[in-house]
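[1] have a look; sequence and predicted model below, questions after that.
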Amino acid sequence: MTDKCNYSLLAHNTFGMDVCCHRFMEYETVDEAKEVARRLSDIRAPHLIIGAGSNLLLTTDYDGVVVHSAIKGISIVENGQEATLCCGSGTTWDEVVGWTVSMGYADLVNLSMIPGEVGAAAVQNIGAYGAEVSQTLTGVQAVEVNTGQVVNIGAEDCRYGYRSSRFKQDWKGRYLITHVCFRLNRNAPFILDYGNVRSELERQGLLQPTAAQVRQTIIDIRRQKLPDPKALGNAGSFFMNPVVERGQYDQLVSTYGSMPHYEVDDRHVKIPAGWLIEQCGWKGRSLGRAGVFERQALVLVNRGGATGSDIVALCQAIQTDVQQRFGIVLQPEVNIV
């Protein structure tokens, strides 16, 4: 177990913010998670639970305890065509996806190359290309901070929604996640009709692709669109795609006939936030040392030396322009602290 004071968080956030926390704790086992919970109860300081920091914007030093899971490992129990997968919360998410594909399961393939760790994936309900982690997640094992007790939480109790869960809302800071479990099926169908996944497969002549071929195609697409955080600080998609009432969408499409969208249900439509931002002229622009990535308007970047406040100022400027033009308020996907 790690327990350090005045600890730099530079290596724990992909935006590259060089800020510190008053205290940093990291657990590698369930017993260590229990000990972290005990110490948190004793010191009664505010605490922030993080993953790999790939969905985090730190705006200042954190005057409290930052907690991180370093529990690794992947295990699987197979039963015919189905399997139960259990992963340590500190395991790299894409390692899990690659491992399941190598084992012949395609359930998670659309979530390839999403940065971060397993525990954060369960908190955020990560998603891409028409798939979300909640579609396969069955349960979460965690240590309750206030009691130090190990609890098993079913997926239905997590109230998963679009990039949301109770872990982000009324359960925020309540649990130290140790393991996450998933249900896999060898007959899981591919989801190919989001973005340009199918067209890219067809371009390669892959009309009946394997899971490995779909995974590589998604990785290639993401690499073309998204910057490497090691070269250009970022947290991936900064904003959530807004879901609007169909009546509002109909009014917008009468003016912007080419507006892309995805059907949500009979009453709601999802509009790509990146398209809205690009229409407002922000793609490739900068505001001081913070900027919008040239190849994907949904990604805000640290062009070198930007502070968290610089990124927030850019975020707010984009929100203002999108709201003034389209009447839509963009909500950050990134956790701003």
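    That came in fine, so what should we check first?
[2] may I have the secondary structure class of Tyr7?
    Assigned state for Tyr7: strand (three-state reduction, DSSP: H, G, I helix; E, B strand; the rest coil).
[3] hmm, Val66 and it touching each other?
    Yes: if you go by Cβ atoms under 8 Å, Tyr7 and Val66 touch, sitting 7.3 Å apart. (Glycine included, C-beta is placed from N, CA and C.)
[4] between these two, which contacts overlap?
    21, 23-24 (Cβ atoms under 8 Å, 6 or more residues apart in numbering).
[5] just the ones of those in helices?
    Applying DSSP state H to those, no entry is found in helices.
[6] can I get those residues in a markdown table including distance to Ala211, neighbour count and pLDDT?
    What follows is the shared contacts of Tyr7 and Val66, written out as a markdown table (distance: Cβ to Cβ, whole Å; neighbours: other Cβ atoms under 10 Å; pLDDT from 0 to 100):
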| residue | distance to Ala211 | neighbour count | pLDDT |
| --- | --- | --- | --- |
| Cys21 | 40 | 24 | 98 |
| Arg23 | 43 | 21 | 98 |
| Phe24 | 38 | 21 | 98 |
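[7] so which of these sit within strands?
    Per DSSP state E, strands hold the following members of those: 21, 23-24.
[8] contact partners of the helix or strand of the chain with the lowest mean pLDDT?
    Least confident helix or strand of the chain, by mean pLDDT, DSSP states H and E, is strand 262-263 with a mean of 88. Under the criterion Cβ under 8 Å, 6+ apart, residues 194, 241, 269-270, 272 lie in contact with strand 262-263.
[9] OK, contacts around the residue nearest the centre of the chain?
    Among the residues of the chain, the one closest to the centroid is Ile126, at 4.5 Å (Cα atoms, centre = their mean). Residues near Ile126 by Cβ under 8 Å, 6+ apart: 93, 111, 114, 116, 120, 132-133, 163.
[10] just the ones of those residues in helices?
    93, 120.
[11] would you reformat the contacts of Ile126 as CSV and include distance to Asp157 and neighbour count?
    Output for these, formatted as CSV (distance: Cβ to Cβ, whole Å; neighbours: other Cβ atoms under 10 Å):
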residue, distance to Asp157, neighbour count
Trp93, 22, 26
Leu111, 22, 23
Ile114, 24, 24
Gly116, 22, 22
Ala120, 18, 27
Glu132, 17, 19
Val133, 16, 25
Arg163, 18, 17
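[12] and the helices in the stretch 151-300 of the chain?
    197-203, 211-225, 246-255, 273-279 (DSSP state H, counting those that start in this stretch).
[13] so of the ones you listed, which one's packed in deepest?
    helix 273-279 (a mean of 21; mean count of other Cβ atoms under 10 Å).
[14] which secondary structure elements does it contact?
    helix 308-326 (3 or more Cβ pairs under 8 Å, 6 or more residues apart in numbering; DSSP states H and E).
[15] one more pass at 10 Å, please.
    For helix 273-279, the packing partners by 3 or more Cβ pairs under 10 Å, 6 or more residues apart in numbering; DSSP states H and E come out as strand 290-292, strand 299-302, helix 308-326.
[16] may I have it as CSV, with CA atoms only?
    Extracted in CSV, the C-alpha atoms of helix 273-279 (Å, rounded to 0.1, in the frame of the first residue of the first chain):
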residue,chain,number,x,y,z
ALA,A,273,-21.3,17.4,-29.9
GLY,A,274,-18.3,17.5,-32.2
TRP,A,275,-20.4,18.6,-35.1
LEU,A,276,-22.0,21.4,-33.1
ILE,A,277,-18.6,22.6,-32.0
GLU,A,278,-17.2,22.5,-35.5
GLN,A,279,-20.1,24.4,-36.9
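[17] and the residue nearest to Phe326 when sequence neighbours are not counted, what is it in contact with?
    Leaving out its chain neighbours, the residue that sits closest to Phe326 by Cβ to Cβ, 6 or more residues apart in numbering is Leu276, at 5.8 Å. Counting by Cβ atoms under 10 Å, 6 or more residues apart in numbering, Leu276 touches 239, 241-242, 252, 256, 259-260, 282, 297-298, 318, 321-323, 325-326, 328, 330.
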